[in-house]
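> Fold the stuff below for me.
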Amino acid sequence: MHRLYDFIRRHPTWVDSLWAVALLMLSSLWIVASMSAPPEAEGLSTTSQEQIATVPVALALCAVVALRRRAPEKMLVLATGTGVAQVVVNVGPFPGNFAFLVIVFTVASRHVRWASRFALAGALLAPTISTVRWPSSTGGLANEIFGTLFMTLAFVMAWVLGDSLRTRRAYYLQLEERARRLEKEREAQAKVAVAAERARIARELHDVVAHNVSVMVVQADGGAYVLENAPDQTRMALETISGTGRQALAEMRRLLGVLRSEDGARRDGGEYVPQPGVEQIADLVEQVRGAGLTVDFRVEGVPHPLPSSVELTAYRIVQEALTNTRKHGGPDVGASVRLQYTDDELSVLAEDDGRGAQRELYEEGGADGLGHGLIGMRERVGMVGGALEAGPRSGGGFRICAALPLKGAG
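All right, here's what the predicted structure looks like:
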């Protein structure tokens, strides 16, 4: 049945041609019956001229049925001309007139407005014209009126069914168009999400690489300076470089693993390194102190659980601030980091007393030549609904202050 339905859908003209052949056979049987009927047989007896004229009329109406879906407007014109010729040559109603119902339905199911209106007008007038042209000699006026109304109702119902089919097709096309539009919107949203995720990973990589590489550079320079005079300090510097490198590789493996996997899970079955939070800030400060930077770290208020996004943002702010202090603070610089817990927010303050960062780090949104730095810091704070202040500190140095709300941060 499925193959049959596909064949019918792919070859509508062939199907219509089969119906046209069936209609032609019925018309032929009617013509033969009318030729052999006695003169008193009502509705069957016809003259020889009428019998001859019935053949081309029947052929034309069968052609209307066969080609109704290939050229509906042309077949409507052909059916109209055939109907006029049938009235003129006095070819009475016969089975071939069923083609008028078919063409009215077909034209009404299309989207050509003039053809549909013309078919409706013909559906309303054709039964009346037929009754007037070929009145019945028996049955009386009441039967004539009833028969006319019945045929008019049949033609109008054919038009209504066709128009309903047209409306339903238009509705389905609208649904398909809406589905295609929604699919395109979903694809666009997916691309935006991918771009946002890659931007987030880029910020993460910037923070990881900038911090850890700067620590490794400082330790390598210090180890090279005391290589001959203090082998123990050189060994400690190398151990710090090794540990910092492993930490950087672990975080980079976690971030790049997201790019390697489509569903967010490692293909090798391993676990990602957990996202750093406020508990790791103390380790970060100790690491920076080991690199030779004096840092005063304080926690005010009562620590309590925080949303993971707030914890990661606080960690990255401190990491970026200390990295910038080492890079731009100059010699003998000191830094201070303060975390203040309240019921509604977490305040992060990081400042140094050095010569301060270059002005391009905090002017015009914080461009640092790499597209990250303070720009990424502002984006992180904005994603959790917080506020960030960054700029030169009065009396020298650089100051970063962030207020991270706890409510509404996912």
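
> Lowest average confidence across helices and strands of the protein, where is it?
Here the helix or strand of the chain ranked lowest by mean pLDDT, DSSP states H and E is helix 231-260, holding a mean of 70.

> which one is Leu349 nearest to, not counting chain neighbours?
Excluding its sequence neighbours, the residue lying closest to Leu349 (C-beta to C-beta, 6 or more residues apart in numbering) is Arg338, at 4.4 Å. Bear in mind the C-beta positions are built from the backbone N, C-alpha and C, glycine included.

> hmm, who's touching the strand or helix carrying that neighbour?
Arg338 belongs to strand 334-341 when assigned by DSSP states H and E. With C-beta atoms under 8 Å, 6 or more residues apart in numbering as the test, strand 334-341 has contacts from 278, 281, 285, 288, 293-304, 314, 318, 321-322, 325, 329, 346-354.

> Give me the buried positions along that strand.
Buried residues in strand 334-341, counted by 16 or more other C-beta atoms under 10 Å: 335-339, 341.

> Centre of the chain to that strand, how far?
Centroid separation for strand 334-341 versus its chain: 46 Å, with C-alpha atoms, centre = their mean, to the nearest Å.

> what inclination does the helix or strand immediately after it in the chain have with respect to strand 334-341?
Beyond strand 334-341 on the C-terminal side, the first helix or strand identified by DSSP H and E is strand 345-352. Angle of strand 345-352 versus strand 334-341, following axes from the mean of the first three to the mean of the last three C-alpha atoms, to 10 degrees, is 180 degrees.

> now for the helix or strand containing Leu23, which elements pack on it?
With elements taken from DSSP H and E, the one containing Leu23 is helix 12-36. The contact analysis (3 or more C-beta pairs under 8 Å, 6 or more residues apart in numbering; DSSP states H and E) places helix 12-36 against helix 48-66.

> returning to what we had before: can you list the buried residues of strand 334-341 in a markdown table and add pLDDT?
Output for the buried residues of strand 334-341, formatted as a markdown table (pLDDT from 0 to 100):
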| residue | pLDDT |
| --- | --- |
| Ala335 | 90 |
| Ser336 | 92 |
| Val337 | 93 |
| Arg338 | 94 |
| Leu339 | 93 |
| Tyr341 | 92 |
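
> List just the nearest of the residues you listed to Met383.
Proximity of these to Met383 (C-beta to C-beta) peaks at Leu339, which lies at 19.3 Å.

> Which positions within the helix holding Leu23 qualify as buried?
For helix 12-36, burial by neighbour count (16+ other C-beta under 10 Å) applies to 16-17, 19-20, 23-24, 26-27, 30-31, 34.

> what kind of secondary structure is Gly385 in?
Classification of Gly385 using DSSP: H, G, I helix; E, B strand; the rest coil returns coil.

> same check, this time on the one 10 residues further on
Using three-state DSSP, the secondary structure recorded for Gly395 is coil.

> check contacts around it.
Asp353.

> measure it to Gly354 for me?
11 Å (C-beta to C-beta, to the nearest Å).

> What segments of the protein are strands?
Ranges of strands within the chain are 294-300, 334-341, 345-352, 387-392, 398-405, based on DSSP state E.

> hey, which of these is tucked in deepest?
Sort the strands of the chain by mean neighbour count, taking mean count of other C-beta atoms under 10 Å, and strand 345-352 sits at the top with a mean of 23.
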